[in-house]
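*Asks:* Structure of the sequence below:
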Amino acid sequence: RTTYSHFAIQRNDIVSRRATEEKAASSVTGEELELMLTEWDEPLVVDAYATWCGPCLLMAPEFEAAAQELKGKVRFAKLDTDKHPEMAARLNIMGLPTLLFLDKFEGSDEEGPAAKAVLKNRIEGALRKESILALCEHHYFGGPRPDQL
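*Replies:* Okay, here's the model as predicted:
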């Protein structure tokens, strides 16, 4: 016989398991993203999204799967444009989702404290994991430019 408390215990187990699973693509604030743009140990892919955006929701598991596969090689971050409109405006986010492929700016020392990051690519619209991985391979590891996304 199943009781309400049995379901509550199962639900609590599921919720606590989800809470302990570490996401490879972390949600960041505008301030955290600003800091990430100055600390360059790995290239960075940013997913600018909104919780009400259907294509954003469809792409979220694909983005996370790509982040899991490239963990330790490429950083993945998610920016909620509704919670952080100032950063979304600074990044000139016009459509959702928007993926930004960023890398360390390799300029001369004479240029001083100028740009810390360079935008390698900007794509508006949802992508599958394979396309995200192919773009990372191209922009960060010298792979061929993907023919299709």
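
*Asks:* alpha carbons only for contacts and neighbour counts from here, please
*Replies:* Fine.

*Asks:* Please, where are all the strands along this protein?
*Replies:* Here the chain has its strands, by DSSP state E, at 25-28, 44-49, 75-80, 98-104, 117-124.

*Asks:* Mean neighbour count, those: which tops it?
*Replies:* strand 44-49 (a mean of 25; mean count of other Cα atoms under 10 Å).

*Asks:* strand partners of that strand, parallel vs antiparallel please.
*Replies:* Strand 44-49 has the following strand partners under DSSP bridges: strand 75-80 (parallel), strand 98-104 (antiparallel).

*Asks:* Might you calculate how far it sits from the centre of the chain?
*Replies:* Between the centre of strand 44-49 and the centre of its host chain there is 4 Å, according to Cα atoms, centre = their mean, to the nearest Å.

*Asks:* Tell me the buried residues in stretch 23-36?
*Replies:* 24-25, 28-30, 33, 36 (16 or more other Cα atoms under 10 Å).

*Asks:* circling back to that earlier point, reformat the strands of the chain as CSV; add distance to Gly142.
*Replies:* Written out in CSV, the entries for the strands of the chain read as follows (distance: least, Cα to Cα, whole Å):
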stretch, distance to Gly142
strand 25-28, 23
strand 44-49, 16
strand 75-80, 17
strand 98-104, 13
strand 117-124, 12
